[in-house]
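S.K.: model this:
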Amino acid sequence: VNMLIRKENSSSDNSEPFWKSRVNAVEKYLKQGLAEAHTIPGVADVRVKGAIGVIEMKDPLDASKVAQRCAELGVWLRPFGRLLYTMPPYVMTEHEVLRVTQVMMQLAKEHSPHE
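M.R.: Predicted coordinates:
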């Protein structure tokens with residue numbers, strides 16, 4: 001956190017605040033990692049806005065099963081009705097955000113009807 005404060009305070013008046021550049025980076029990584037989610041049969045919609053990524057399923061998710069799988073896979077996600085969403089911290093690296101999106105994609109596939 002101190003690094004974030006120092007970098008933000010050291011920026012010049014003409015540049016983008018450090019926190020905003022981090023939000024933009026996380027948004028880019030979420031878009032990259034969720035780009036193919038719309039091809040999963042059970043997915044109704046995919047949305048990314050800033051540092052929020054959402055996969056909306058066609059059917060409701062079983063929150064307890066999703067939570068159990070998240071624990072097994074080492075990633076914390078929020079299932080809510082038909083939504084599987086993440087709000088990663090701004091300090092996450094590209095690799096870490098892509099790991100989160102990888103798990104989101106895996107869970108979306110696991111909760112989709114098999115063709």
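
S.K.: Before we go further, Pro60 is sitting in a helix, right?
M.R.: No: counting by DSSP: H, G, I helix; E, B strand; the rest coil, Pro60 is not part of a helix but coil.

S.K.: so what's it up against?
M.R.: Pro60 is in contact with 81-82, counting by CB atoms under 8 Å, 6 or more residues apart in numbering. The way it works is simple: take the backbone N, C-alpha and C, and place the C-beta from them, glycine included.

S.K.: And it, how far from Cys70?
M.R.: With the distance defined as CB to CB, to the nearest Å, Pro60 ends up 17 Å from Cys70.

S.K.: and what of Met104?
M.R.: 10 Å.

S.K.: how about the residue nearest to Val103 when sequence neighbours are not counted, phi and psi?
M.R.: With CB to CB, 6 or more residues apart in numbering as the criterion, Val103 has its nearest non-adjacent residue at 4.2 Å, and that residue is Val75. Dihedral pair for Val75: phi -130, psi 140, per degrees, to the nearest 10.

S.K.: Please list all residues in contact with Val75.
M.R.: Contacts of Val75 by CB under 8 Å, 6+ apart are 99-100, 103.

S.K.: Kindly report the same for Gln106.
M.R.: So Gln106 contacts Leu73 (CB under 8 Å, 6+ apart).
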